[in-house]
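Colleague: based on what follows, work out the 3D shape:
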Amino acid sequence: MNKKIGILASLCCSISLSMYAESNMTSQNIEPKSGFADKNIVGGIALFVNGEPITLHAIKQVENALHTDRLRATDILVNEKLKEAEIKRLKIEINDMQLDAQIAQIAQQNNMNLDQFYAAIVQEGMSLVEYRTKLKDQMLAQELMRKILFSSNVGQEDELRKYYNEHLEEFVIPKEVVGTKFVSHNKQTLESFIQQGISATLPDSIAHSEETLEISTLPAQVADIFLATEAKSFTQIFESGNGDFVAFYIKEKISNEQVEFEKAKNYIAQKLIANNQEKILNDYFERVRSRSKIVFVR
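Modeller: Residues are numbered from 1 along each chain as shown. Modelled structure (predicted):
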């Protein structure tokens, strides 16, 4: 894995609420009044959002970074100010313990200890203070998004139960999976065998054993993979704790059972929210924008 990509993935790949402005310019989005581009701006300030200034310099930076025009850059910065105001209004906070835990998780995902991770950050030209600040901003934005999404009508109990009752077949899952476990020290060897198919000659370097796994005993992410993998096919390759590579060939799934609504509703909420995420966020920030005071300096 490219360490630079992995280390900064949390900063570069997060969902920015303000970026919804780029793809969905609504009638409530700000528009500069006639002649705005030609007016003299007092003290370098272009406009105020609920009393908070946005400067010409900031607008120009966004224009250059995103290769966009002034209207769109301004709109993005307005949404950023609205996002910051909502974080403050909802009293959303990220403490040092949460931040440290997130950094530890990112380091682990990059197969680094904390000292190695911090050294890599500095090597990439970012100070630790700057990295922590950017990561905290991202975590605040993600928590705001989570609150917005889960407070929407989509996440209400009646909507969740309606989906459950109309899609009962989606919540029938096997209790057990019967298959063959394949283990290798070399990932490429295991990948090559899987590509050839289950009937291919098994290399001596790949160990195998027959397994019957109870879905309820598996970690949630692993269980989801087994449930999503069709019978008569291989799962993806997992990396075990001791450095081996493991894949399963699923022969059959047995003992189907109906998942109760209470156990299924978090999954349903996440699915409905994911399917309606953009609309939920856009509608929310349209309401926020409509009650905000946006004043151009002329």
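Colleague: buried residues, the longest helix anywhere in the chain. List them.
Modeller: Determined from DSSP state H, the single longest helix within the chain is helix 261-290. Neighbour counts over helix 261-290 (16 or more other CB atoms under 10 Å) mark 261, 264-265, 268-269, 271-273, 276-277, 280-282, 284-285, 288-289 as buried. To be clear about C-beta, it is placed using only N, CA and C from the backbone, and glycine gets the same treatment.
Colleague: over to stretch 69-81?
Modeller: R70, L71, R72, A73, T74, D75, I76, L77, V78, N79, E80, K81.
Colleague: re earlier: please tell me how far the longest helix of the chain is from the chain's geometric centre.
Modeller: 14 Å (CA atoms, centre = their mean, to the nearest Å).
Colleague: do the same with stretch 91-109
Modeller: That offset, for stretch 91-109, works out to 15 Å (CA atoms, centre = their mean).
Colleague: pull out the buried residues from it.
Modeller: With burial defined by 16+ other CB under 10 Å, the residues of stretch 91-109 counted as buried are I92, I94, Q102, I103, I106, A107.
Colleague: I'd like these written out as TSV, with distance to D115 added.
Modeller: Formatted as TSV, those follow (distance: CB to CB, whole Å):
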residue	distance to D115
I92	31
I94	23
Q102	17
I103	12
I106	14
A107	9
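Colleague: I'd like those residues as a markdown table, with distance to S152, secondary structure and pLDDT appended.
Modeller: Formatted as a markdown table, the buried residues of stretch 91-109 follow (distance: CB to CB, whole Å; DSSP: H, G, I helix; E, B strand; the rest coil; pLDDT from 0 to 100):
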| residue | distance to S152 | secondary structure | pLDDT |
| --- | --- | --- | --- |
| I92 | 17 | coil | 95 |
| I94 | 22 | coil | 94 |
| Q102 | 25 | helix | 91 |
| I103 | 30 | helix | 92 |
| I106 | 29 | helix | 88 |
| A107 | 34 | helix | 86 |
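Colleague: what is the neighbour count of K293?
Modeller: 8 (other CB atoms under 10 Å).
Colleague: ignore what I typed, I meant R146.
Modeller: Neighbours of R146 (other CB under 10 Å): 12.
Colleague: quick one on the thing from earlier: so which of the buried residues of stretch 69-81 belong to strands?
Modeller: Taking DSSP state E, every one of the buried residues of stretch 69-81 sits outside strands.
Colleague: would you agree I280 is in contact with S151?
Modeller: No. If you go by CB atoms under 8 Å, I280 and S151 don't touch, sitting 9.2 Å apart.
Colleague: so what sits against both of those two?
Modeller: Common contacts of I280 and S151 (CB atoms under 8 Å, 6 or more residues apart in numbering): none found.
Colleague: so for the closest residue to Y118 other than its chain neighbours, what's the pLDDT?
Modeller: Of all residues not flanking Y118 in the chain, L128 sits nearest, at 6.0 Å (CB to CB, 6 or more residues apart in numbering). Here the pLDDT value assigned to L128 is 93.
Colleague: my guess is L128 meets I121, correct?
Modeller: Yes. Using CB under 8 Å, L128 is in contact with I121, at 6.2 Å.
Colleague: please say which of these two ends up with more neighbours.
Modeller: Between L128 and I121, counting by other CB under 10 Å, I121 is the more crowded of the two (20 against 12).
Colleague: quick one: secondary structure of that one?
Modeller: Assigned by DSSP: H, G, I helix; E, B strand; the rest coil, the conformation of I121 is helix.
Colleague: shouldn't it be in contact with R132?
Modeller: No. Contact criterion CB under 8 Å: I121 and R132 do not qualify, at 9.5 Å.
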